[in-house]
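Visitor: This is the structure alone, sequence omitted:
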Ligand code: SF4
């Protein structure tokens, strides 16, 4: 359903909703996945991101997102300088990903506090985005709602158990998706919630001994 | 939101309300937000639009490539043209100003997109200043613009990559024309004709930015789009009715976009981008991403 405010908005730093605002949102989601500003990042740009990220500020927007700037934050313009000043090591490369990749796609490999994550994300137009792969797990993460992501050992009843915890903490579930690389392997869960789930719900999930890690991601709009 | 302007116009007329009131009521129901809440988001949008206009008119901005910037101030200061120092030249200057801000990575409101973001603020804030129209009426007009854009999104497209520039600055011009027509006291049906009269003049417009960047011709296309919106408003308020219903004009815009060769849809493979000078400038002037040494 199209909303008036999708049309008159968003408020954003130009010049392109897909190449600038969308790129920033991808950076923000990836930042959320590692729980803060990454110390290192290798950012590979594919397709139109590689071709016209030049001058669309796609590099600045991705770095700005990793630094925690939102799409309407004027600091995006200076994100590369800020990154250098803060001693962060973000490198950009052009690459060619799978043929069926969306034209505005990038792969980010980021490191923070000893944790490394590799993410593939695309900017779909009008600022909407989708992360399609996290550490080799196929996912679908759009950031249009507050989201919980977690990796858990494959366990009968795991989905019901987590849904139960969320219901107990009065968090309203919007969608829940589970993917595995192989049968019996770890499962990656993406849970979209109507409201921010809060620390208590996250900690309750983290306390389950078969949950390997869990993060809550703020909504990034779009 | 409505999927047909004819439906929205019929509802507005049946209830004796404006299109903006009709659209705000439906948005409130759709999204579970109060009308006040939606209007305050639109108020913020109006504030950002105004500051983008002012920032651009200062005239010192340059885009990443240096290809655009400073032209809004030229128009604003000029007295050489037949329309200098009129509403018309003021609207042109405002459209250029917002797009110059956009190209320089300044803050704008994507309405409907970043590439077409100059048209709506130019027409609405230019007219509001000229006619001394208060902010509440401009905020209502933004709701009408949102309604028109939502119908175009639903029936056609708002993306240059999907539908050419007719879908971006063309849709923006239609939104601006309809919104301003209501703001100036036009009836809901005159709003519909203003949209149709404006968009018919932009059908088939290709998306051909140099090097694929939202700079050239985008900045100027916002100015010419705003000019056509003024033409549409003038004709609709004079009582001209356009024989093809507005929904059908929007539908055919979508159809033309779908049939448009991919060269003309933001790929920089055709149009101005592919002219000898367009290619040369793109090669010489486009900034490169600082990639890691291999
Ligand atoms: S030419 Fe293309 S990129 Fe430029 S304003 Fe038009 S649709 Fe947008």
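Guide: It's in. Bear in mind that the values here come from a model prediction, so they are computed numbers and not experimental data.

Visitor: okay, residue B:289: pLDDT?
Guide: As predicted, residue B:289 sits at a pLDDT of 55.

Visitor: Ignore what I typed, I meant residue B:284.
Guide: Residue B:284 is given a pLDDT of 86.

Visitor: give me the number of residues near residue A:84?
Guide: 12 (other CB atoms under 10 Å in any protein chain shown). Where you see a C-beta, it was placed from the backbone N, CA and C, and this is true even at glycine.

Visitor: I'd like to know how far it sits from residue B:121.
Guide: Using CB to CB, to the nearest Å, residue A:84 is found at 35 Å from residue B:121.

Visitor: And residue A:168, by the same measure?
Guide: Distance of residue A:168 to residue B:121, computed by CB to CB: 48 Å.

Visitor: On the three-state scheme, residue A:179 is what?
Guide: strand (DSSP: H, G, I helix; E, B strand; the rest coil).

Visitor: That one: neighbouring residues, count only.
Guide: 15.

Visitor: do residue A:114 as well
Guide: What residue A:114 shows, counting by other CB under 10 Å, is a neighbour count of 6.

Visitor: Neighbour count for residue A:168 and residue B:121, which is higher?
Guide: The neighbour comparison of residue A:168 against residue B:121 (other CB under 10 Å) goes to residue B:121, with 32 against 11.

Visitor: ok, and the closest non-adjacent residue to the more buried one?
Guide: In space, and not counting its chain neighbours, residue B:121 is closest to residue B:49: 3.6 Å by CB to CB, 6 or more residues apart in numbering or on different chains.

Visitor: Can you name the residues that contact the one you found?
Guide: Going by CB atoms under 8 Å, 6 or more residues apart in numbering or on different chains, residue B:49 touches B:98, B:108, B:109, B:111, B:120, B:121, B:124, B:125.

Visitor: again, but for residue B:133
Guide: By CB under 8 Å, 6+ apart, the neighbours of residue B:133 are B:127, B:183.

Visitor: Which neighbouring elements make contact with the helix or strand harbouring residue A:216?
Guide: Using DSSP states H and E, residue A:216 sits within strand A:211-217. The elements that strand A:211-217 packs onto, with contact taken as 3 or more CB pairs under 8 Å, 6 or more residues apart in numbering or on different chains; DSSP states H and E, are helix A:23-34, strand A:147-152, helix A:198-206.

Visitor: where do the strands sit along chain A?
Guide: Under the criterion DSSP state E, chain A contains strands at A:11-13, A:40-46, A:89-94, A:104-112, A:115-125, A:128-134, A:137-141, A:147-152, A:173-180, A:187-193, A:211-217.

Visitor: Relative to the second one, what are the paired strands and their orientations?
Guide: Each strand paired with strand A:40-46, and its direction, by DSSP bridges: strand A:89-94 (parallel), strand A:104-112 (antiparallel).

Visitor: Tell me which of these is the most buried.
Guide: strand A:104-112 (a mean of 22; mean count of other CB atoms under 10 Å in any protein chain shown).

Visitor: got a list of contacts for that one?
Guide: A:18-19, A:22-23, A:26-27, A:30, A:33-49, A:58, A:62, A:66, A:95, A:97, A:116-125.

Visitor: The same query, at a cut-off of 6 Å, please.
Guide: Strand A:104-112 is contacted from outside by A:18, A:30, A:34, A:36, A:38-49, A:97, A:117-123, using CB atoms under 6 Å, 6 or more residues apart in numbering or on different chains.

Visitor: Could you confirm whether it reaches the ligand?
Guide: No: contact of strand A:104-112 with the ligand (CB under 6 Å from any ligand atom) is absent, the minimum separation being 13.7 Å.

Visitor: any idea of the angle that strand forms with helix A:23-34?
Guide: 30 degrees (axes from the mean of the first three to the mean of the last three CA atoms, to 10 degrees).

Visitor: Domains in chain A, by residue range?
Guide: Taking automatic domain parsing as the reference, chain A has its domains at A:4-135, A:147-217.

Visitor: between those, which gets nearest to residue B:145?
Guide: Nearest of the domains of chain A to residue B:145, taken as CB to CB: domain A:4-135 at 6.4 Å.
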